[in-house]
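[1] only geometry, no sequence info:
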């Protein structure tokens with residue numbers, strides 16, 4: 001049997017979420033110290049690499065790799081939060097922090113709206129003959145691989161964007 005096809009248990013999703021949360025908690029304590037050595041844009045790029053790794057593991061998923069990927073996902077979330085907050089602060093003064101935060105919040109809301117549109121489309125596709133959305137859908141392995149390959153591609157795009165962010169020094173930054 002190929003190592004790509006080691007069966008994942010029925011409750012491994014719950015255990016993976018727990019692993020992700022534990023590593024998020026622990027890395028939230030450690031990642032801020034990286035700001036002493038790297039600019040925040042590189043911490044964001046690192047988080048993009050972690051997210052991309054997580055999505056790529058679904059191309060050859062087995063039980064052990066899944067738990068490692070969940071640990072990396074926890075680290076990705078904490079490094080993104082730290083890098084994002086730090087980058088926003090690097091580019092803000094006391095006069096511009098409110099505007100920058102409002103713009104950031106608007107982009108976040110638009111992405112939630114976009115996710116809602118995608119969810120509506122997927123739900124509409126899954127209607128049965130009577131116009132009722134099925135409560136259960138099983139995805140095939142190729143569908144899962146395509147789905148996560150798209151997310152991995154978006155992770156690479158995110159890493160690229162984060163790497164190309166400008167290094168601007170702001171006069172009178174927030175300290």
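    Yep, it's here. Since the structure is predicted, the reported quantities are computational estimates derived from the model, not experimental observations. Residues are numbered from 1 along each chain as shown.

[2] dump the residue contacts of the residue nearest the centre of the chain.
    With distances taken as C-alpha atoms, centre = their mean, the residue of the chain nearest its centroid is residue 51 (5.1 Å). Neighbouring residues of residue 51 by C-beta atoms under 8 Å, 6 or more residues apart in numbering: 73, 76, 80, 155, 158. In this view, the C-beta of every residue, glycine as well, is placed from N, C-alpha and C.

[3] What about the residues you listed, which are in strands?
    Assignment to strands by DSSP state E places none of the contacts of residue 51 there.

[4] which regions of this protein sit below the pLDDT cut-off?
    The chain contains residues with pLDDT under 70 at 1-6, 126-137, 172-175.

[5] Mind jotting down where the helices sit in it?
    Assigned by DSSP state H, the chain shows helices spanning 12-30, 40-56, 63-90, 97-125, 141-163.

[6] Surely residue 145 and residue 60 touch.
    No. With contact defined as C-beta atoms under 8 Å, residue 145 does not reach residue 60; the gap is 9.1 Å.

[7] Between those two, tell me which one has more neighbours.
    residue 145 (15 against 12; other C-beta atoms under 10 Å).

[8] Distance check, the closest residue to the more buried one other than its chain neighbours against residue 108.
    In this structure, residue 145 finds its nearest non-sequential neighbour in residue 59, 5.7 Å apart by C-beta to C-beta, 6 or more residues apart in numbering. Distance of residue 59 to residue 108, given as C-beta to C-beta, to the nearest Å: 29 Å.
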